[in-house]
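[1] Show me how the following folds:
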Amino acid sequence: MASAETHSTNVSIPSGVSERYALAMLSLADDRRQADPGVVDRIAGDLDRLAALWREDAGFRAFVADPRLDSASQRRGAFAVLDRAAIGPEVRNLVGVLIGNRRLSQLPQVAAAFGRELAVRRGQQSADVTSAHALTDTQRAQIAARLTEAGYSGIRLSEHVDPSILGGLIVRIGSRLYDNSIKSKLQRLQYAMKGAA
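    Okay, here's the model as predicted:
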């Protein structure tokens with residue numbers, strides 16, 4: 001359900017590079033769809049599992065972000081993780097290309113961009129959710145239910161972890177931003193106190 005993030009667990013809007021890799025994966029899936037009708041869902045599932053692993057495993061995040069590793073070390077380590085996670089050949093090849101182009105650190109952004117592009121194709125809306133800690137399945141379901149109640153249909157969550165917000169959530173859907181983070185509340189309180197002085 002959720003997509004992925006960046007090295008420090010803060011996620012910026014994916015760069016054009018991430019979008020290009022994501023679009024190339026979608027193009028590959030389109031080319032193979034005739035012979036393998038489930039290829040798009042399989043790739044999406046593999047990227048979601050890889051993104052979840054990235055979010056939940058600090059060691060894997062550090063490995064992906066480490067610029068000191070040479071290509072051979074990255075390939076050995078990444079492919080060992082992919083084998084344990086039973087990631088399919090398409091995503092395995094994507095990771096190999098990212099390593100070959102010295103862009104393994106872009107893996108979370110590529111996975112997020114793929115999820116967004118696929119959601120657009122499927123007529124879903126993408127909601128970028130930033131929280132201080134990784135969301136649980138129950139929290140994801142509650143957020144999706146609240147967004148549906150608010151009139152957003154077919155929501156796909158793209159999760160980002162940013163400990164600097166301290167707590168609460170920041171949700172962005174298209175051009176709308178809902179900021180209910182503790183950091184923002186404290187800033188508003190600080191501004192109010194300065195104004196009263």
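[2] the helices in this protein, which residues?
    16-32, 39-56, 58-65, 71-84, 89-100, 107-121, 137-149, 182-196 (DSSP state H).
[3] right, so of those, which gets closest to residue 131?
    helix 137-149 (7.9 Å; CB to CB). Any C-beta I mention is one placed from the backbone N, CA and C, and that applies to glycine too.
[4] Give me the distance between the closest one and the centre of its chain.
    Centroid separation between helix 137-149 and its chain, computed with CA atoms, centre = their mean, to the nearest Å, is 17 Å.
[5] In it, which residues are buried?
    In terms of neighbour count (16 or more other CB atoms under 10 Å), helix 137-149 has its buried residues at 139, 143-144, 147.
[6] Then stretch 57-77?
    Result for stretch 57-77 [16+ other CB under 10 Å]: buried residues 60-61, 63-65, 69, 74-75, 77.
[7] most tightly surrounded among the helices of the chain?
    helix 107-121 (a mean of 23; mean count of other CB atoms under 10 Å).
[8] Export it to PDB, keeping only CA atoms.
    C-alpha atoms of helix 107-121 as PDB (Å, rounded to 0.1, in the frame of the first residue of the first chain):
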ATOM      1  CA  LEU A 107      16.000   3.500  -4.800                       C
ATOM      2  CA  PRO A 108      13.400   4.800  -2.300                       C
ATOM      3  CA  GLN A 109      12.500   7.800  -4.500                       C
ATOM      4  CA  VAL A 110      12.200   5.500  -7.600                       C
ATOM      5  CA  ALA A 111       9.900   3.200  -5.700                       C
ATOM      6  CA  ALA A 112       7.800   6.200  -4.500                       C
ATOM      7  CA  ALA A 113       7.700   7.600  -8.100                       C
ATOM      8  CA  PHE A 114       6.600   4.200  -9.500                       C
ATOM      9  CA  GLY A 115       3.800   4.100  -6.900                       C
ATOM     10  CA  ARG A 116       2.700   7.600  -7.800                       C
ATOM     11  CA  GLU A 117       2.800   7.000 -11.600                       C
ATOM     12  CA  LEU A 118       0.900   3.700 -11.200                       C
ATOM     13  CA  ALA A 119      -1.700   5.400  -9.000                       C
ATOM     14  CA  VAL A 120      -2.300   8.100 -11.600                       C
ATOM     15  CA  ARG A 121      -2.700   5.400 -14.300                       C
END
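[9] what's the closest of the helices of the chain to residue 157?
    Using CB to CB, the helices of the chain put helix 137-149 closest to residue 157, at 5.9 Å.
[10] got any ranges where this protein has weak pLDDT?
    Applying pLDDT under 70 to the chain picks out residues 1-15, 196-197.
[11] Try it again at 50.
    The model of the chain has pLDDT under 50 over residues 1-14.
[12] so what are the domain limits for it?
    What automatic domain parsing lists as the domains of the chain is 16-118, 123-196.
[13] nearest residue to residue 42 other than its sequence neighbours?
    Nearest residue to residue 42, sequence neighbours excluded (CB to CB, 6 or more residues apart in numbering): residue 88, at 5.6 Å.
[14] From residue 122, how far off is the one you found?
    From residue 88 across to residue 122, the span is 20 Å (CB to CB, to the nearest Å).
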